[in-house]
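**Q** Predicted coordinates and the sequence they were generated for:
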Protein chains: 2
Amino acid sequence: MKALEEKILAEGKVCSGDILKVGGFLNQRVDSNFMFLLGKEVYDLFEGTGVTKILTVEASGIALALAAAYYFRVPMVFAKKSSAKNLGDDVYKAAVHSYTHNKDFEIAVNREYINKNDKVLLIDDFLATGEAMEGLANIVGQAGAELIGICAAIEKGYQGGGDSFRSRGIRVESLAIIDEMNGKDIKFRS
Amino acid sequence: MKALEEKILAEGKVCSGDILKVGGFLNQRVDSNFMFLLGKEVYDLFEGTGVTKILTVEASGIALALAAAYYFRVPMVFAKKSSAKNLGDDVYKAAVHSYTHNKDFEIAVNREYINKNDKVLLIDDFLATGEAMEGLANIVGQAGAELIGICAAIEKGYQGGGDSFRSRGIRVESLAIIDEMNGKDIKFRS
């Protein structure tokens, strides 16, 4: 998506190592107008696939997931990252390793919120090694639901998570795929 | 807001003690159509006040904040609950006590994302004792921005947080205010 690539080049900041900061428009200060353009793009990509539910993980996936859900007119469910008091015991759980925070955590979704009749689209802000998406896909499997596909705003292509799903026949659509990031120099997959 | 009160009565579940579960439509499985009705209601309440930014705290405030931001056509900023690696050092911070999780945590917003020219509306899913909103209001103060008001989907009126703000002259609009909750018996403020 050209508009997202341009936004990343104009407003993103590459920090030490491998960190791309897009908190100015994507995941802390959310440019709401732009977020709904992204949501519409997700809708256009997966229109006609029969999506009944959008699943993401708190917190930074929620904005894009809701913007997409607005166009699909389906519910959006977000997995919680720890077993919160309000969540109840009757949950699907999956273990996820976070490279950003260098720790393992658990994600959980109440069993009431996904079922075997659902056709689920997974959404997140970033797709890098794919750990979070693996956890969400695991939960879709536990529910006996159908995984329609995976959509991230920004995929770090060189980290291989997206291509790993693709090699297993899972449809992955990322709105921008970065194949190289070297200081200010960001190369998008064409 | 009548539609929200009806939804709470139809789909909410009162659990042991003081917990109202509305995860089926408000804060885990988000009914996206309904969420945009709530966002529009927030907009109608605060239209004409010159809101330039909507501020919430991750994770369950994000959906309503984004739905409202959609109508205001302004950015939505969410405070992070711990000092994440990607956040940077240059942040406004405030301490918050969570009664739900019975622990203290810190919320933080990057200084770039709110400034003294902003007119800020605070949004969250719940307003009970008001701890999270106090933290957000504190951050608005640190930024030298103007606090336009506070809006929660559901206010637990009997816990006093909302009325505490009102007594200090801060405008608080909650879409539903629960003044009593006793098993299945929920009494709304009229």
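**A** Now that the structure is in, tell me what you want to look at.
**Q** interface residues of chain A facing chain B?
**A** A:19, A:21, A:23-24, A:28-33, A:35-36, A:58-60, A:62-63, A:66-67, A:69-70, A:72-78, A:80, A:84-88, A:100-101, A:109-110, A:112-113 (CB under 8 Å from any CB of the partner chain). All C-beta spots, glycine's among them, are computed from the backbone N, C-alpha and C.
**Q** helices and strands of chain A: which one has the lowest mean pLDDT?
**A** Taking mean pLDDT, DSSP states H and E as the measure, strand A:13-15 is the helix or strand of chain A with the lowest mean score, a mean of 88.
**Q** packing partners for that one?
**A** strand A:19-21 (3 or more CB pairs under 8 Å, 6 or more residues apart in numbering or on different chains; DSSP states H and E).
**Q** tell me which residues in the strand it packs on are buried?
**A** Residues of strand A:19-21 classed as buried by neighbour count (16 or more other CB atoms under 10 Å in any protein chain shown): A:20-21.
**Q** Tell me the helices and strands packed up against it.
**A** strand A:13-15.
**Q** can you list contacts of the strand it packs on?
**A** A:20-21, A:181, A:183-184, A:186 (CB atoms under 8 Å, 6 or more residues apart in numbering or on different chains).
**Q** With stretch A:162-176 instead?
**A** A:1, A:4-5, A:8, A:38, A:41-42, A:45-46, A:127, A:130, A:133, A:137, A:147-155, A:157, A:177, A:188.
**Q** Could you list which of the residues you listed belong to helices?
**A** A:4-5, A:8, A:38, A:41-42, A:45-46, A:133, A:137 (DSSP state H).
**Q** ok, so of the residues you listed, who is nearest chain B?
**A** Nearest to chain B, judged by CB to the nearest CB, of the ones in helices among the contacts of stretch A:162-176 is residue A:38 at 11.9 Å.
**Q** Measure how buried the closest one is and give me the count.
**A** Other residues near residue A:38 come to 26 when the count uses other CB atoms under 10 Å in any protein chain shown.
**Q** and it, what does it touch?
**A** Counting by CB under 8 Å, 6+ apart, the residues that residue A:38 touches are A:1, A:4, A:64, A:67-68, A:153, A:175.
**Q** For residue A:93, give me its contacts.
**A** Neighbours of residue A:93 in contact, by CB under 8 Å, 6+ apart: A:106-108, A:139.
**Q** so where's chain A uncertain?
**A** Along chain A, segments meeting pLDDT under 70 span A:83-88.
**Q** Look up which residues are beta-bridged to the residue most central in space within it.
**A** By CA atoms, centre = their mean, the mean C-alpha position of chain A lies nearest to residue A:124, the distance being 1.4 Å. Note on residue A:124: beta-bridge partners by DSSP bridges are residue A:152.
**Q** And for residue A:15?
**A** Assigned bridge partners for residue A:15, using DSSP bridges, are residue A:19.
**Q** That one: how many residues sit nearby?
**A** 11.
**Q** Repeat that for residue A:179.
**A** Based on other CB under 10 Å, the number of other residues close to residue A:179 is 13.
**Q** Just say helix, strand or coil for it.
**A** strand (DSSP: H, G, I helix; E, B strand; the rest coil).
**Q** all strands for chain A, in order.
**A** Using DSSP state E, the strands of chain A run over residues A:13-15, A:19-21, A:29-30, A:53-57, A:76-79, A:91-98, A:103-110, A:119-127, A:146-156, A:172-182, A:185-188.
**Q** one step back: contacting residues for the residue nearest to the centre of chain A?
**A** Contacts of residue A:124 by CB under 8 Å, 6+ apart are A:56-57, A:60-61, A:64-65, A:132-133, A:136, A:152-153.
**Q** Tell me how far it lies from residue A:51.
**A** 15 Å (CB to CB, to the nearest Å).
**Q** Check residue A:92 too.
**A** Counting by CB to CB, the gap from residue A:92 to residue A:51 is 19 Å.
**Q** Next up, the contacts around residue A:68.
**A** A:38-39, A:42-43, A:54, A:76, A:121, A:123, A:151.
**Q** Recalculate using a threshold of 10 Å.
**A** Each residue near residue A:68 by CB atoms under 10 Å, 6 or more residues apart in numbering or on different chains is listed here: A:35-36, A:38-43, A:45-46, A:51, A:54, A:56, A:74, A:76, A:121, A:123, A:151, B:32.
**Q** Buried ones among these?
**A** A:35-36, A:38-39, A:41-43, A:45-46, A:51, A:54, A:56, A:74, A:76, A:121, A:123, A:151, B:32.
**Q** which one is residue A:107 nearest to, not counting chain neighbours?
**A** Leaving aside its sequence neighbours, residue A:107 sits nearest to residue A:79 (CB to CB, 6 or more residues apart in numbering or on different chains; 4.1 Å).
**Q** and the one you found, bridged to which residues?
**A** In this entry, residue A:79 is beta-bridged to residue A:57, by DSSP bridges.
**Q** Next, count neighbours for it.
**A** Residue A:79: 27 neighbours (other CB under 10 Å).
**Q** Run a quick check on it versus residue B:28, I expect a contact.
**A** Yes - here residue A:79 lies in contact with residue B:28, judged by CB atoms under 10 Å, at a distance of 8.6 Å.
**Q** if I look at residue A:77, how far off is residue B:141?
**A** Taken as CB to CB, the span from residue A:77 to residue B:141 is 35 Å.
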